[in-house]
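A.B. asks: I need the structure of the sequence given here:
(one chain, ligands or ions: 2)
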Amino acid sequence: MESLKRPVILILGAGAVGLSLAGKLESVATVYAACRPVHAGAIRERGVVMDGVWGNGTVEGIGCVAGSEEAPPAVDFFIITAKGTDTRAICEEYAALIRGRPVASLQNGIGNEEVIARYTGTVIGGTVTTNFSVLGPGHVRVLSESAPMRLGIWSGGGGDALNRLIGIIQSAGIPVEANNDIRSEKWGKALLNIAVNPICALLRSPVRVAADAGIRETVAGLIRETFAVAGAEGIRLPWATADDYLDYLFSVQVPDFAEVYPSMYYDLRQGRRTEIDLLNGYIACLGERHGIETPHNRCIAGLVRYAEAHPETR
Ligand SMILES: NC(=O)C1=CN([C@@H]2O[C@H](COP(=O)(O)OP(=O)(O)OC[C@H]3O[C@@H](n4cnc5c(N)ncnc54)[C@H](OP(=O)(O)O)[C@@H]3O)[C@@H](O)[C@H]2O)C=CC1
Ligand SMILES: CC(C)(CO)C(=O)C(=O)O
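C.D. replies: Ligands and ions are numbered 1, 2, ... in the order given. Sure thing, here's the model as predicted:
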C-alpha cells in the first residue's frame, strides 16, 4: 500500500545539521546523506554516532552518497543542509535529480531559497533553532533546542509535500510546525545569527558573551540596523520592534544557547568560508541599496572577512 511505503529522503551537504537529521529520520524514512568521504567512511563502517538531546547511540542504515551518480533513483524529499556558501554548487551537482521535486532548506541566512528556486518548482523554507556540532567523522552532537523546527512553502504549490514532510519529521520525534510566512520566519531566525554568530566566532566564545555588559550595545546596534533594513525591504519580522526582539534574545535565546558555540565559530576555527555574506554582510549590502547606514554590520562583516583571509587571527 502506498501509504506504508517509507519515504526516501536525500540530505544534501550533511555535516553537523544534516547528519543529526539523518540519524533522527532513519527510524521513519529511508535516508541518504550526501556528505564528505571522511564522514562516509565512518558511517559505512559503523553508522552515525549521536550524542545529546536528540538521543545517544549509533544509527545504522543511512546510505552515503558521494555524488549525483550514486543518488537513489526515486527521492521523495531533498533537504539542503550545506552551508549557504555551497548552495549553488550543490544544486548544480544534483540539478538533474532535484528538478521537479520538493526541496527544503534548513540553512541559516538570507538568499538560499532564491538560489534553490532556480533549480526546482517547490521550495520549502525552514528554520532550525537548535545547536549541532561535529565531534568527529560521522559523529555529531545536538544541544540546546530553543524553538521547534519551522517549515513553510517558499515558492511553488507544494502544500501536500509540505504537510507530508512535516508529518515525517514529527513522527521521528523532532518538534516541528508549519509556518505560513516563511520569509518572515527566515529573517526572524537570521536575527539570532546576526546577533551572535560573528561575535562568538571572532571572540572564540560561547553564546553567553553576547550578553556581556561591554558587548550588548554592539548586539543592539546589529539588530536595530537589521530591523531598519528589513522595514525598507518590506519584510514583516516576527517581532514588532528591535527592542521587542532584543528582550527575547537576552531573556530566552542567549540563556538557551549560553554554553554552546554557533556554526560560524567552527567555520573560522576550521579555515572554512563563513556565511557572513548571507547574514551581516547581506544587511550591510541591502542597507547601502536603501541608503540606510549599517556601521555595526559593515564593521563586523569586515572583521569576519579579515579573519577568514588571515589564519593567524583565528
Ligand atoms: N550548526 C548549527 O548549530 C546550526 C547550523 N545551521 C545552518 O545549517 C547549515 C549547515 O550547518 P552545519 O551543519 O553546521 O555545517 P557543516 O559545515 O557542519 O555541514 C555542511 C557539510 O556539507 C558538506 N558539503 C558541502 N558541499 C558538499 C557537497 N557538494 N557534497 C557533499 N558534502 C558537501 C560540507 O563539507 P566541507 O566542509 O568539506 O565543505 C560539510 O561537511 C548552515 O546554513 C548553518 O548556518 C542552522 C541551525 C543550527
Ligand atoms: C541557533 C544557532 C546559534 C545554534 O548554534 C545557530 O543557528 C548556529 O549555530 O548557526
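A.B. asks: so who does the single nearest residue of the stretch 151-300 of the chain relative to ligand 1 touch?
C.D. replies: Closest residue of the stretch 151-300 of the chain to ligand 1, Cβ to the nearest ligand atom: Ser263 (3.7 Å). No exception for glycine: its C-beta is placed from N, CA and C like everyone else's. Neighbouring residues of Ser263 by Cβ atoms under 8 Å, 6 or more residues apart in numbering: 16, 83, 108, 132, 197, 275.
A.B. asks: in strands only, show me these.
C.D. replies: Phe132 (DSSP state E).
A.B. asks: among the contacts of Ser263, which two are most distant?
C.D. replies: Phe132 and Glu275 (14.4 Å; Cβ to Cβ).
A.B. asks: the more surrounded of these two?
C.D. replies: More crowded of Phe132 and Glu275, by other Cβ atoms under 10 Å: Glu275, with 28 against 23.
A.B. asks: go ahead and confirm that one touches Asn108.
C.D. replies: Yes. Using Cβ atoms under 8 Å, Glu275 is in contact with Asn108, at 6.1 Å.
A.B. asks: what residues are shared contacts of those two?
C.D. replies: 84, 193, 197, 263.
A.B. asks: circling back: how close does the residue of the stretch 151-300 of the chain closest to ligand 1 sit to ligand 2?
C.D. replies: 4 Å (Cβ to the nearest ligand atom, to the nearest Å).
A.B. asks: also Glu60?
C.D. replies: 27 Å.
A.B. asks: kindly report the same for Pro73.
C.D. replies: Distance from Pro73 to ligand 2, by Cβ to the nearest ligand atom: 33 Å.
A.B. asks: can you check Ser171 too?
C.D. replies: 24 Å.
A.B. asks: what pLDDT does the residue nearest to that residue when sequence neighbours are not counted get?
C.D. replies: Spatial nearest neighbour of Ser171, excluding adjacent residues (Cβ to Cβ, 6 or more residues apart in numbering): Val28 at 4.8 Å. You'll see Val28 listed with a pLDDT of 98.
A.B. asks: how about the one 4 residues further on?
C.D. replies: With respect to pLDDT, Tyr32 has a value of 98.
A.B. asks: list the contacts of Ile199.
C.D. replies: Ile199 is in contact with 205, 209-210, 215, 218-219, 300, counting by Cβ under 8 Å, 6+ apart.
A.B. asks: that's a strand at Leu10, yeah?
C.D. replies: Yes. Counting by DSSP: H, G, I helix; E, B strand; the rest coil, Leu10 is part of a strand.
A.B. asks: hmm, it is touching Val75, no?
C.D. replies: Yes. Between Leu10 and Val75 there is a contact at 4.6 Å, judged by Cβ under 8 Å.
A.B. asks: now the common contact residues for these two.
C.D. replies: With Cβ under 8 Å, 6+ apart, Leu10 and Val75 have common neighbours 32, 97.
A.B. asks: who's in contact with the residue of the chain found nearest ligand 1?
C.D. replies: Residue nearest to ligand 1 within the chain: Gly15 (2.0 Å; Cβ to the nearest ligand atom). Shown in contact with Gly15 (Cβ under 8 Å, 6+ apart): 35-36, 39, 81-82, 134.
A.B. asks: give me the element Cys177 is part of.
C.D. replies: Wrong residue type there; residue 177 is Glu, not Cys. Using DSSP states H and E, Glu177 falls within strand 176-178.
A.B. asks: buried set for that strand?
C.D. replies: Val176 (16 or more other Cβ atoms under 10 Å).
A.B. asks: quick one: mean pLDDT for it?
C.D. replies: Rounded mean pLDDT across strand 176-178 is 98.
A.B. asks: and what of stretch 93-106?
C.D. replies: The average of the pLDDT scores along stretch 93-106 is 97.
A.B. asks: so which bits of that stretch are buried?
C.D. replies: Neighbour counts over stretch 93-106 (16+ other Cβ under 10 Å) mark 93-94, 97-98, 101-106 as buried.
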